[in-house]
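Q: When you get a sec, could you give me coordinates for this:
(one chain, ligands or ions: 2)
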Amino acid sequence: MKAPVRVAVTGAAGQIGYALLFRIASGEMLGKDQPVILQLLDLPQAQAAVKGVMMELEDCAFPLLAGMVASDDPNVAFKDADYAILVGARPRSKGMERKDLLEANGAIFTVQGKALNDHASRNVKVLVVGNPANTNAYIAMKSAPDLPAKNFTAMLRLDHNRALSQLAAKTGKAVADIENMAVWGNHSPTMYADYRFATIGGESVKQMINDDVWNSDVFLPTVGKRGAAIIEARGLSSAASAANAAIDHIHDWALGTNGKWVTMGIPSDGSYGIPEGVMFGFPVTCANGEYTIVQGLEIDEFSRGRINVTLNELEEERAGVAHLLG
Ligand SMILES: NC(=O)C1=CN([C@@H]2O[C@H](COP(=O)(O)OP(=O)(O)OC[C@H]3O[C@@H](n4cnc5c(N)ncnc54)[C@H](O)[C@@H]3O)[C@@H](O)[C@H]2O)C=CC1
Ligand SMILES: O=C([O-])CC(=O)C(=O)O
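A: Ligands and ions are numbered 1, 2, ... in the order given. Model (predicted):
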């Protein structure tokens, strides 16, 4: 049996937390041979609810659940953490954009970035889910100067999975057969879901669909505004699908993608002209616990235009939080 790893989850009493924790404890995220210790962070007023979730986790008798800790102090919850999934933040409601949450949520990530810096494993893998996810991940990264910047990531996987599902529906093919999907940029309606390189059974998806108007007028707005459509329909923001995307993101980062492309929000290394350090969605492959940006893709004029729009938005968000970073 492997030694247990420590997985910190913030916002443990929230909707995403409830859809996420049981799957982590059952081994879906890190493998059926990997015991986990859950370190749960939430606000003081949510501690009773966290206790209730822990009681239910106990009642599942998960063989891989090697321990649990609950706290309202990030310095406790992040102690020696090998993984940190930062969900805890306010969700938006109808009529808001995710960046409207920056004022309410940004400050959370300075405190938590510093606590990770001071207490987590030096190899901690951090995924920021709380919105606006890219800029919050950027704030956490900048607040943790002693940890490698590459350990901080933002969740674009829900956009990636939404795009796969829309393409499967359009082509009548299976989701599992779609390769080489990419999503560029911010987790916001400006993100650019790019299927120019996608294939199904070796055939080009772009040629199969052969409809640029569908791409720009149906596909991109559907994927980009899917979060708002869920809020409209459910009255609450996506939770189970967000938890599922978080599981996929960490699973693939930790255990590898066998050459398959996935999308992660990561600090740019300058690839594709994205300034270094910008927390940007890129197509990546993962192996041996590391991600690598897929290189050498041609960026045509339409794509460059879309990438510039989402980059500009991220740079504006970054300017808007400069005061938090001192
Ligand atoms: N990146 C993505 O693709 C997605 C991101 N989200 C975002 O995830 C976040 C959480 O969503 P839900 O679980 O639906 O919200 P929720 O309101 O159900 O739960 C949030 C939880 O976080 C806790 N919390 C608030 N501030 C905290 C802090 N400083 N430290 C620790 N815990 C704290 C709250 O007490 C609550 O229990 C929201 O910001 C939402 O917009 C949601 C869906 C997809
Ligand atoms: O839209 C929201 O506010 C929640 C979210 O990030 C998503 O569902 O993509």
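Q: can you list the residues of the stretch 151-300 of the chain near ligand 1?
A: 155, 158, 187, 237-239, 242 (C-beta under 6 Å from any ligand atom). Every C-beta, even on glycine, is put in place using the N, C-alpha and C of the backbone.
Q: could I get those as JSON lines with neighbour count?
A: Shown next, in JSON lines, are those (neighbours: other C-beta atoms under 10 Å):
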{"residue": "Met155", "neighbour count": "29"}
{"residue": "Leu158", "neighbour count": "25"}
{"residue": "His187", "neighbour count": "31"}
{"residue": "Ser237", "neighbour count": "20"}
{"residue": "Ser238", "neighbour count": "21"}
{"residue": "Ala239", "neighbour count": "19"}
{"residue": "Ala242", "neighbour count": "24"}
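Q: which among those residues are in contact with ligand 2?
A: Restricting those to those touching ligand 2 (C-beta under 6 Å from any ligand atom) yields 158, 237-238.
Q: Save the residues you listed as a markdown table, and put in secondary structure too.
A: Listed next are these as a markdown table, based on DSSP: H, G, I helix; E, B strand; the rest coil:
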| residue | secondary structure |
| --- | --- |
| Leu158 | helix |
| Ser237 | coil |
| Ser238 | coil |
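Q: Out of these, which is nearest to Asn134?
A: Distance to Asn134 across those (C-beta to C-beta) is lowest for Leu158, with 12.7 Å.
Q: where's the closest one relative to Gln295, distance?
A: The gap separating Leu158 from Gln295 is 25 Å, by C-beta to C-beta, to the nearest Å.
Q: How about the contacts made by the residue of the stretch 51-200 of the chain at minimum distance from ligand 1?
A: For the stretch 51-200 of the chain, the residue closest to ligand 1 is Gly88, as judged by C-beta to the nearest ligand atom, at 2.5 Å. Contacts here follow C-beta atoms under 8 Å, 6 or more residues apart in numbering; on that basis Gly88 touches 10-12, 14, 17, 41-43, 108, 130.
Q: mean confidence score for stretch 41-61?
A: Mean pLDDT, computed over stretch 41-61, is 98.
Q: now swap in stretch 178-186 and tell me
A: pLDDT averaged over stretch 178-186 gives 98.
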